[in-house]
Every structure is written in C-alpha cells, then in structure tokens.
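1. Pasting the sequence and the predicted model now:
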Amino acid sequence: MNEKKAPNRRRLWVAGIAFTFFIALLGFLLAKVPGFSHIGQLASAIIIAVAYRQIFGYPEALRSGITFSSKKLLRLAIILYGLKLNIDIIFREGLGLLTRDALIIAFAITAMVLLAKWLKADKDISLLVGVGTGVCGAAAIAAVAPIIKAKDEDTAIGVGIIAMLGTVFAIGYTLLRPILPLLPTEYGIWSGMSLHELAHVAIAAAPAGDDALAIALLAKLGRVFLLVPLCFIFIYFMKRKSKGTEGDQAKIEFPWFLVGFILLSVFGSYVLGHSIPVSESVMEGISTVTTWILTAAMVGLGLSVSLKDLRERAMKPLLAVTITSICLSVLAYFII
C-alpha cells in the first residue's frame, strides 16, 4: 500500500510544480496583450494565480509541488539572480553611487515603517514593500521574506504592489524626461536610484540613450549589491527580537541561498567572460530561465492570496508605498 502511495505522491508533486509553470506560461502570454505588456510576465502570472484561487479555490492535491515552487524554486531564482550582479563593475565604477544607494534604501524602509505605523497598515507587508522599493523589487522581497518569517500571502501581495506601482512610475518617468532639466546621464542615475525593479529602470532609462541606460543599470546594481548586507542586518535584528522567547534563536534559519547569490555574483563577475568565455546569448538564456523560475515561484505564492484579505490588508501599504515612492523620487532627484 505504501509503495503505491509513494509514486502517487511523486506524481502529484511533479504535477504541482508543472501547474505553477503552466500559470507562468499563461502570465507570459497575458504579458503580450496591450496594457499587460507594461506590467510584465511576473505580475501577470500573479494576477492569474490570485484569480484562480478566488474562482476554483486552492488545488490541495497539488500542494506539495506548489509549496516546492514557492519555497525551493524561489531560493534557486535568487541564487541565479546573482549572475545579474557584476561586482567588478560596481567596485571599479560604482563606488561613488553606493553611498547614495544606501541612503535611498534606508529612506525607503524607514519611511514605509513610519507610514505603516501612522496608517495602521500591516507591518509585514509594509516592511516587505519598503525593502522592494529600496532595493530591487521582487527579488529583494523574496530574499527578506523568509528572514522575517513573512507569510506566503504577504510576500505575494508585496510583490504585486511593487510590480504595479513600479510600472506606473517607470511610465511616469518617461513622460517627465523631456521636461526635466537633466542631462541624459543624470536622468539615468535618477532612474537607477529611485525606481523599483531592474525592468522598470530599463523601461524608463532606455529612451534617454545608451549612456543613460548604462549608468541607470549601474546605479540600480549598486542597490542590488546592498541586498546582502541588508539581509544580514535583518538577521541580526530578528535574532535580537527572538532572544529570550520560546524557541529562542534556533528559529532564525541562516539564509544559505544568499551564499549562493554571492558565489554566483563573484563567478559571473570574475570567471564568466574571463576564464570561461560565454556568449551574450547564453547569458540572456540564463536570465530568461531565472525569470521563468521566479515567475513559477510567485505563482505558488499568488495561489495563497485571499481576495478578501487583499482588499483588507493591501490598500494601506499601497497608500504608504505610493507616498514613499514619490518622496524617494524627489530625494533621488536632489542628490544626483
């Protein structure tokens, strides 16, 4: 009997993972539709996942595979994301931007925490959205969520808020660019220091030219680089918070995926393209695979979102992050 159940469990596990990738595919196709093309595959897939949950309920039979996607594949995506971070370029050309990037991150998180307290918004969602706003959107939220022990639902809500708001701001930046008294490189730095996701930075900076786009991505990568020390700061505070409570510090698991993130960052910066020649098409392929894995993981999170809870718990953090993002844009403008 047990021998029959084991293969069945494996099939359901595989089916659950396949289900998250299927919805990721639907998100990819939806992102081709005018309007949805601006928010991208990841946010489109989360919308479909949330809608599926409300209409059909959670697919309990597939829970093990869906959980694997939302936990394990999410960490794999963050590790692979390390290849996007060229540490060498940051050390050679971007050290001057790091101080300003650190200020941006500190401001975003502090502002979100204070506004959340003032508005009586959900603390975990607000903190995650503050991290996503200050650092690098979905990847930052995904990295910090297990450290602060955020619920899957809160993580999905945070990612959805960032994806939507970041897209609105990116489009707004392109509309403002012609009337702002900024050189292309200054506009690029402004975009890279203040927009939410790498994709949002690319959308906003590309119309200003190649130089603006290059410096914008450099400024953004400086914020990605600071994700690692930020995570260790959160670990420190979570350990202090848990000290003396039931379970004590043993409950704070070390985020080993960050080690993978760092190692792949170093590997991509100093080995790939140097000791090991790699074509641009291969790197683009790895980036595409990373996006698909991250999207499937976010689908797993999105399936845990209740629309009722979304309405009740997301509106105040959305208001808080809108105010924070506007203030962040103004701050970044004056420290270029």
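-> Yes, it's here.
2. what kind of secondary structure is Tyr58 in?
-> coil (DSSP: H, G, I helix; E, B strand; the rest coil).
3. and it, how far is that from Val305?
-> 10 Å (Cβ to Cβ, to the nearest Å). C-beta coordinates here come from the backbone N, C-alpha and C atoms, glycine included.
4. repeat for Leu226
-> Per Cβ to Cβ, Leu226 is found 29 Å from Val305.
5. In terms of neighbours, single out the busier of the two.
-> More crowded of Leu226 and Val305, by other Cβ atoms under 10 Å: Val305, with 25 against 21.
6. That one touches Gly158, doesn't it?
-> No - counting by Cβ atoms under 8 Å, Gly158 is not a contact partner of Val305; they are 10.8 Å apart.
7. Doesn't Val33 lie inside a helix?
-> No - remark: Val33 does not belong to a helix; assigned using three-state DSSP, it is coil.
8. Let me know the pLDDT of it.
-> Predicted confidence (pLDDT) at Val33: the value is 89.
9. Output the below-cut-off pLDDT ranges for the stretch 101-250 of the chain.
-> Within the stretch 101-250 of the chain, the set of residues satisfying pLDDT under 70 comprises 243-250.
10. For it, just list every one of the helices.
-> 123-134, 138-144, 152-176, 184-194, 198-205, 210-225, 227-242 (DSSP state H, counting those that start in this stretch).
11. right, so of the ones you listed, which gets closest to Val271?
-> Nearest of the helices of the stretch 101-250 of the chain to Val271, taken as Cβ to Cβ: helix 210-225 at 17.8 Å.
12. In that closest one, which of the residues would be classed as buried?
-> By neighbour count with 16 or more other Cβ atoms under 10 Å, helix 210-225 contains the buried residues 212-225.
13. closest to Asp124 among those residues?
-> Nearest to Asp124 among these: Arg223, at 21.5 Å, using Cβ to Cβ.
14. Could you single out the nearest of the buried residues of helix 210-225 to Ala43?
-> For those, the nearest to Ala43 is Lys220 (18.4 Å; Cβ to Cβ).
15. just to confirm, which helix or strand has the closest residue to Leu62 other than its chain neighbours in it?
-> Nearest in space to Leu62, with sequence neighbours left out and distances taken as Cβ to Cβ, 6 or more residues apart in numbering, is Gly16 at 3.6 Å. Using DSSP states H and E, the element containing Gly16 is helix 2-30.
16. about what we covered before: I'd say the residue nearest to Leu62 and Ser64 touch.
-> Yes - if you go by Cβ under 8 Å, Gly16 and Ser64 touch, sitting 5.8 Å apart.
17. more neighbours, those two?
-> With neighbours defined as other Cβ under 10 Å, Gly16 and Ser64 compare such that Gly16 has more, 22 against 15.
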